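K.L.:
Whatever this is, show me its structure:
(one chain, ligands or ions: 2)
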Amino acid sequence: MTEICDLTRNRKPLKPAELPVPQPGPGQVLVRVRACGVCHTELDEIEGRTPPPELPVVLGHQVVGAVEAAGPGAGRHPLGQRVGVGWIYSACGECEYCRAGVENLCPRFRATGRDAHGGYAQYLVVPEDFAVPIPESFTDNEAAPLLCAGAIGYRSLRLAGIEDGQRLGLTGFGASGHLVLKMVRHRYPRTPVFVFARNPAEREFALHLGAAWAGDTGERAPEPLHAIIDTTPAWKPVVEALANLAPGGRLVINAIRKEDRDRDRLLGLDYPRHLWLEKEIKSVANVTRRDIAEFLELAADAGIRPEYQEYALEEANQALLELKERKIRGAKVLRLE
Ligand SMILES: [Zn+2]
Ligand SMILES: [Zn+2]
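P.N.:
Ligands and ions are numbered 1, 2, ... in the order given. This is a model prediction of the structure:
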């Protein structure tokens, strides 16, 4: 990525480039990339909602590859070990947040593919402590979307705080939503899941995966819901979700940034209908290494495999555009040879 731009005007924001193979520094490993997931956050970077501090930068934060070399002092992973790198590239390890197990909130949090070069490339270097071994049961392509869509979905579900049997809503049903549905069916088998999506194909996909109900974003669920997880880039789903919450219910917004297009919807916020009766709103920020590791373990146990479409690295612009235009079914993965 070389510049901030509007993807509807510049349909090829990523340019191919020949870069030298990076050298792992102290405590870092060199990873040869085999697959990298495509995430909505890349759109937020390209369109300037969470801009990289320096350009050009290599995007990509759902990276699966093999350790090919270790820098000075690095010895945690044997050469050849398959590892994954998610959105968390590093955190300071010393601040109050890092010490309290919420390194995702660290003021010195650095993100893969934004604050450091990511996985839309043949190689990347990463601090070895932030590279996570991948369970054998997954292929490279299956593992990639688990590293962000899955891990942040796992964090969202933790923050939703539901108990087995409570009713859960999902508004938006892309890469993360469909993995959350699979997680819920394993971990909270008595919890019915209600899916809100404006695209009929997504609703059908949700029912196919076991959702109890699926409707359009503006519809009312048949019963009020204890928690709803929002994975959309828009505001209308936030307002509608609040109207669907039961008293004391919680809305968890899993989005690094919201788009401004329908911001005026917020003026429709009606205190008694949307917020009163102790409804809560909580956002999800980043992920911790623990989220990634625990989710991979859960996914392996539960046999959770993401549905994905594969693209060549050269097709990255097309994959991003299809994501932008919500031509989504499951996740998107760039495959490197
Ligand atoms: Zn992501
Ligand atoms: Zn810290």
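K.L.:
SS state for the nearest residue to residue 216 once chain neighbours are set aside?
P.N.:
Nearest non-adjacent residue to residue 216, counting by CB to CB, 6 or more residues apart in numbering: residue 198, 5.8 Å away. Where C-beta positions appear, they are placed from N, C-alpha and C, glycine not excepted. Put simply, residue 198 is coil when judged by DSSP: H, G, I helix; E, B strand; the rest coil.
K.L.:
Spell out which parts of this protein neighbour ligand 2.
P.N.:
Residues of the chain lying near ligand 2 by CB under 5 Å from the ion: 91, 92, 95, 98, 106.
K.L.:
and those residues, which are buried?
P.N.:
Using 16 or more other CB atoms under 10 Å as the burial test, the residues of the chain next to ligand 2 include 91, 95, 98, 106 as buried.
K.L.:
Relative to residue 136, which of those is nearest.
P.N.:
Nearest to residue 136 out of those is residue 91 (CB to CB; 27.7 Å).
K.L.:
Could you tell me what pLDDT the model assigned to the closest one?
P.N.:
Per-residue pLDDT puts residue 91 at 98.
K.L.:
now residue 60
P.N.:
Looking at residue 60, its pLDDT stands at 98.
K.L.:
again with residue 307
P.N.:
Per-residue pLDDT puts residue 307 at 86.
K.L.:
how about the strands in the stretch 101-250 of the chain?
P.N.:
Using DSSP state E, counting those that start in this stretch, the strands of the stretch 101-250 of the chain run over residues 110-111, 123-127, 132-133, 168-171, 193-196, 213-215, 225-230, 245-253.
K.L.:
Ligand 1 is nearest to which of these?
P.N.:
Smallest distance to ligand 1 across the strands of the stretch 101-250 of the chain (CB to the ion): 9.1 Å, for strand 110-111.
K.L.:
can you tell if the closest one touches ligand 1?
P.N.:
No. Taking CB under 5 Å from the ion as the criterion, strand 110-111 and ligand 1 are apart, separated by no less than 9.1 Å.
K.L.:
Use 40 as the first number from now on
P.N.:
OK, 40 is where the count begins now, so the last one is strand 149-150.
K.L.:
what comes into contact with that strand?
P.N.:
Contacts with strand 149-150, where a contact means CB atoms under 8 Å, 6 or more residues apart in numbering, come from 100, 126, 127, 128, 129, 130, 155, 325.
K.L.:
Quick check: of these, which lies closest to ligand 2?
P.N.:
Set against ligand 2, the nearest of these by CB to the ion is residue 130 (4.7 Å).
K.L.:
Can you give me every residue that contacts that closest one?
P.N.:
136, 137, 142, 143, 145, 147, 148, 149.
K.L.:
try residue 129
P.N.:
Each residue near residue 129 by CB under 8 Å, 6+ apart is listed here: 147, 148, 149, 155, 166, 169.
K.L.:
Kindly reformat these as JSON lines containing neighbour count and pLDDT.
P.N.:
Output for the contacts of residue 129, formatted as JSON lines (neighbours: other CB atoms under 10 Å; pLDDT from 0 to 100):
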{"residue": "147", "neighbour count": "14", "pLDDT": "98"}
{"residue": "148", "neighbour count": "21", "pLDDT": "98"}
{"residue": "149", "neighbour count": "17", "pLDDT": "98"}
{"residue": "155", "neighbour count": "21", "pLDDT": "98"}
{"residue": "166", "neighbour count": "22", "pLDDT": "98"}
{"residue": "169", "neighbour count": "21", "pLDDT": "98"}
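K.L.:
Pick out whichever of the residues you listed sits closest to ligand 2.
P.N.:
Nearest to ligand 2 among the contacts of residue 129, counting by CB to the ion, is residue 147 at 5.5 Å.
K.L.:
tell me the contacts of the residue nearest to that closest one when sequence neighbours are not counted?
P.N.:
Spatial nearest neighbour of residue 147, chain neighbours left out: residue 131 (4.3 Å); criterion: CB to CB, 6+ apart. Contact analysis of residue 131 by CB under 8 Å, 6+ apart lists 137, 145, 146, 147.
K.L.:
Okay, and which of those residues map to helices?
P.N.:
Residues of those located in helices (DSSP state H): residue 137.
K.L.:
Report the two of the contacts of residue 131 separated the most.
P.N.:
The most widely separated members of the contacts of residue 131, counting by CB to CB, are 137 and 146 (9.6 Å).
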